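K.L.:
Sequence and computational prediction follow.
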Amino acid sequence: MSDIIQPRVLKGFRDFLPEAEIERAAMMEKLAGAFRSYGFVPIDTPALEYAEILLGKAGGETEKQVYRFKDAGGRDVAMRFDLTVPFARFMAEHVAELYLPFKRYHMAKVWRGENTQRGRYREFVQCDFDIVGVDNAAADFEILSVIRSAMTALGAADSTVRMNNRGVFNRFLTRLGVAERSVEILRTVDKLAKIGPEETRSQLAELAGATAADELMAFIRADEAFGATLDRIERLAGGPAEDSDRLREIYAMAQACGIADKVVLDPSITRGLDYYTGVVFETFLDAMPELGSVCSGGRYNDLASLYTKQRLPGVGASVGMDRFLAGMEALGRPSRRGSYSRALVMNLDDASAVDYQAAAASLRAAGIACEVFPERRKPAQQFSYAEKKGIAFALIRGEEEKARGVWTLRELATRKNDDFDGLAALTAALSSVASEA
RNA sequence: GUGGAUGUAGCUCAGUGGUAGAGUCCCAGAAUGUGGAUCUGGUCGUCGCGGGUUCGAUCCCCGUCAUCCACCCCA
């Protein structure tokens, strides 16, 4: 007679238990801190938009992957598949209420109905940050700098930003006479790290001929210092121009700010997305480059041309939070934490129920997160509960302690007890140790 | 979307054409309120789901769902 529904989640969608969600929340707080330190402000937009808004310019892969359906009112709607397109609509709609340059960050879930794999889900969080309204080296550099700050804040300072400028690449393709095939060529070049030089060369030869393929392979090498690579690709592209100067300026700023050692000029980085027009960035964990980029972005000349006649140049990037976390987990450095409680007030004596609440109130007033175990149970069970939630301290007051007029503070890890004469002394003691952890 | 592997207790995994086990975890007791050792006993499974073959399926076949890997694409 049991017809319960089997509980389950959709392919590519996930539940997050407290430990995982605490880690995600901590990560978002760290990112927000990095963004705010540069003056970026938060925004949010709806998860659901008119399909024509989201798909206006999309084609091919995006179109196939987007979740799209008719709502109850017959509207043709779609779930956002990134945060950039909704941001374009947002800017077109609100630019008059805002100010330029506008620097925003946006951390939210997006949905893509593509096949899953480690670090690739159908529902995942992107953390975007963009500067709209300025087209210069200062803005490009600021995004680069925020990427470095974000990675450092997340405990991944051992990562490298690989950057390039599509303008230089396009000039080079024009010189080669293969500009009309640039989209396919860019896409092939983008796969260099994955498929290796031989395969890349043969695919390029099919696209552009053997001679051009050899020249392309010579162009996309990234085995020299930033300046040497820049000089080489600038020469191959036809000499000095604004695009190569831009890279030079950005690099000078990176050097001045001490982040140049984690920035590489890699002419093979082109980004698959075709709306990028200037600098492009990809960020790889040094210990796990095969995971793919955990933070990518670049410059686009016109963010919102689909929705407004006002020209809005911008530059930005996006941290793939779920992919990043998958990488950190694979590298064995997750920061597990079971709760935010620092102390558990043990429940050992019904006659002391009031005292327990008073003790907890006293701790919270001192800024110490704590909880009262809600029913009387054997001490071992309460200790076990505390340890599962990662609570470091237990406050013990049973009949014996009450008779002696003391509170016992027990450190769970060491199992050492200390007696305190009153709540004030106990709270003070806990304040000093709690702030250390 | 295409191809391959996997899916057995909360967790990690054995196993068999006759409806299932180990370790761990959890619960109780030895020790009647202060947990890391030991011993004893115990709970827990629609063997992913649906269908087929069979006297009988967790095992064989088909489908399906999910996870992982490769391709594709990308965060």
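P.N.:
Ah, there it is.
K.L.:
Tell me what the residue nearest to A:Gly278 when sequence neighbours are not counted is bridged to.
P.N.:
In this structure, A:Gly278 finds its nearest non-sequential neighbour in A:Arg299, 3.3 Å apart by C-beta to C-beta, 6 or more residues apart in numbering. For every residue, glycine as well, the C-beta is placed using N, CA and C. Residues in a beta bridge with A:Arg299, per DSSP bridges, are A:Val315.
K.L.:
what's the distance between A:Arg299 and RNA strand B?
P.N.:
14 Å (C-beta to the nearest atom of the strand, to the nearest Å).
K.L.:
Please verify my assumption that that residue contacts A:Tyr275.
P.N.:
No. In this structure A:Arg299 lies outside contact range of A:Tyr275 using C-beta atoms under 8 Å: 9.8 Å.
K.L.:
what residue ranges in chain A score low on pLDDT?
P.N.:
Along chain A, the parts satisfying pLDDT under 70 run over A:1-4, A:57-61, A:272-274, A:332-335, A:434-437.
K.L.:
Now do the SS call for the residue nearest the centre of it.
P.N.:
In chain A, the residue lying closest to the centroid (C-alpha atoms, centre = their mean) is A:Val319, at 3.1 Å. On the three-state scheme (DSSP: H, G, I helix; E, B strand; the rest coil), A:Val319 is labelled strand.
K.L.:
Confirm for me that it is in contact with A:Ala34.
P.N.:
No. Counting by C-beta under 8 Å, A:Ala34 is not a contact partner of A:Val319; they are 9.6 Å apart.
K.L.:
Residues in contact with both of the two, list them for me.
P.N.:
Common contacts of A:Val319 and A:Ala34 (C-beta atoms under 8 Å, 6 or more residues apart in numbering): A:Ala150.
K.L.:
Please, where are all the strands along the stretch 101-250 of chain A?
P.N.:
With DSSP state E, counting those that start in this stretch, the ranges of strands along the stretch 101-250 of chain A come out as A:102-111, A:123-132, A:159-165.
K.L.:
For A:Ala205, find the nearest of those.
P.N.:
For the strands of the stretch 101-250 of chain A, the distance to A:Ala205 is smallest for strand A:159-165, at 21.9 Å, taking C-beta to C-beta.
K.L.:
picking up where we left off before, quick one, what contacts the residue nearest to A:Gly278?
P.N.:
Counting by C-beta under 8 Å, 6+ apart, A:Arg299 has contacts A:135, A:140, A:276-280, A:313-315.
K.L.:
Check A:Ala34 too.
P.N.:
Taking C-beta under 8 Å, 6+ apart as the criterion, A:Ala34 is in contact with A:146, A:149-150, A:152-153.
K.L.:
From these, list the ones also adjacent to RNA strand B.
P.N.:
Among the contacts of A:Ala34, no residue is within reach of RNA strand B (C-beta under 7 Å from any atom of the strand).
K.L.:
got a winner among these for most neighbours?
P.N.:
Of the contacts of A:Ala34, A:Ala150 is surrounded by the most neighbours, 27 neighbours in total, counting by other C-beta atoms under 10 Å.
K.L.:
State the helix or strand in which the closest residue to it other than its chain neighbours lies.
P.N.:
Spatial nearest neighbour of A:Ala150, chain neighbours left out: A:Ala34 (4.6 Å); criterion: C-beta to C-beta, 6+ apart. Assigned by DSSP states H and E, A:Ala34 belongs to helix A:18-36.
K.L.:
ok, and what's touching the helix or strand that that helix is followed by?
P.N.:
Going down the chain from helix A:18-36, the next helix or strand is strand A:41-42, by DSSP H and E. Residues lying outside strand A:41-42 but in contact with it, judged by C-beta under 8 Å, 6+ apart, are A:32, A:35, A:103-107.
K.L.:
related to what we said a few turns ago, buried deepest among the strands of the stretch 101-250 of chain A, which one?
P.N.:
Mean neighbour count (mean count of other C-beta atoms under 10 Å) peaks for strand A:159-165 among the strands of the stretch 101-250 of chain A, with a mean of 25.
K.L.:
so, in contact with RNA strand B or not, it?
P.N.:
No. Strand A:159-165 does not reach RNA strand B (C-beta under 7 Å from any atom of the strand); its nearest approach is 11.8 Å.
K.L.:
Many thanks, we can stop here.
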